[in-house]
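K.L.:
just need the structure, nothing else, for what follows:
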Amino acid sequence: MQMGESMAKIVKFVYFVIIFASPFVVANHEISGWITELPFGMCTSILDCPMDSCTHPQQPWCELHGVPILYHGSEIGLCICI
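P.N.:
You can find the predicted model right below:
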């Protein structure tokens, strides 16, 4: 076996491992119940709500709904104006 043939087999094997393993890594992250950052309009406390999202007499408020998705161990809710 020549040097070029064995290197080609190694490269093909590495590509196969990357392509085969990547769906499992993505699926594991999605079903873990943890998200890495809060989407806009989501909150864990009043401090997460943007102050400029409400008109003057109203104040931002974080309304927790008991969603089973966790962000650093806290339930997430929606930012509303009250």
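
K.L.:
which residue ranges form the helices in this protein?
P.N.:
3-30 (DSSP state H).

K.L.:
how about Cys43, what does it touch?
P.N.:
49, 62, 76-79 (CB atoms under 8 Å, 6 or more residues apart in numbering). Just so you know, the C-beta spots here come from the backbone N, C-alpha and C atoms, and that holds for glycine as well.

K.L.:
where does the prediction get shaky in the chain?
P.N.:
1, 21-37, 66-73 (pLDDT under 70).

K.L.:
quick one, domains of it?
P.N.:
Using automatic domain parsing, the domain ranges for the chain come out as 1-32, 34-82.

K.L.:
re earlier: show me the two of the contacts of Cys43 that sit farthest apart.
P.N.:
Cys49 and Ile76 (11.9 Å; CB to CB).

K.L.:
ok, Trp61 to Cys81 distance?
P.N.:
Going from Trp61 to Cys81 by CB to CB, to the nearest Å gives 7 Å.

K.L.:
residues near Cys79, how many?
P.N.:
By other CB atoms under 10 Å, the residues close to Cys79 number 19.

K.L.:
that one contacts Ser53, doesn't it?
P.N.:
Yes. Using CB atoms under 8 Å, Cys79 is in contact with Ser53, at 6.5 Å.
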